[in-house]
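Participant: Need coordinates for the following:
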Amino acid sequence: MINETLERIEKELTASESLSEQRRRELLELMGTLKAEVQELARSNEEQARSIAGFTQVSTHEATRATRDDALLDLSLKGLSSSVAGFEQSHPRLVQIVNSISHTLSNLGI
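Facilitator: Alright, predicted model coming up:
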């Protein structure tokens, strides 16, 4: 289920008309790294890995909508950031990647 969610995100990014080619490449690269980190986390905490994948999907959707709702984007990004809270010590790379994705998505409309 986690892999399917992450693959849907990659497809959404690839198909998005609201992204520049540079942002698309950047986000797809981050997604590749996120995929590996989430798969590692799923070995010990599948429920949390699913939450991270789910919030990533919602955040990506909100950031790439044709008509963006900044309030919904903000809420989804807060959820994404909260989904990795507490993993700074055990999975620092995962937290770094999620923060990079959040930052990139939040800056899409600027």
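Participant: Which elements pack onto the helix ranked longest in the chain?
Facilitator: Assignment by DSSP state H gives helix 21-44 as the longest helix of the chain. The contact analysis (3 or more CB pairs under 8 Å, 6 or more residues apart in numbering; DSSP states H and E) places helix 21-44 against helix 2-15, helix 46-64, helix 92-106. For glycine as for every other residue, the C-beta is placed from the backbone atoms N, C-alpha and C.
Participant: now what about the first one, what contacts it?
Facilitator: The set of residues external to helix 2-15 that reach it, using CB atoms under 8 Å, 6 or more residues apart in numbering, is 19, 24, 27-28, 31, 34-35, 38-39, 42, 46, 49-50, 53-54, 56-57, 60-61, 64.
Participant: Spatially central residue in this structure, please.
Facilitator: Nearest to the mean C-alpha position of the chain, by CA atoms, centre = their mean, lies T56 at 3.1 Å.
Participant: low pLDDT regions in this structure?
Facilitator: In the predicted model, the chain carries pLDDT under 70 at residues 109-110.
Participant: before we move on, the earlier item: surely the residue nearest to the centre of the chain touches L77?
Facilitator: No - taking CB atoms under 8 Å as the definition, T56 is not a contact partner of L77, at 10.1 Å.
Participant: Just say which of the helices and strands packed on helix 21-44 is most tucked in.
Facilitator: When you average the neighbours per residue for each of those (mean count of other CB atoms under 10 Å), helix 46-64 leads with a mean of 20.
Participant: Now the element after that helix, going C-ward?
Facilitator: Sequence-wise, the next helix or strand downstream of helix 46-64 (DSSP states H and E) is helix 70-83.
Participant: What separation do you get for the nearest residue to Q48 once chain neighbours are set aside and Q22?
Facilitator: Closest residue in space to Q48, ignoring its immediate chain neighbours: L41 at 6.5 Å, by CB to CB, 6 or more residues apart in numbering. To Q22, L41 is 29 Å away according to CB to CB, to the nearest Å.
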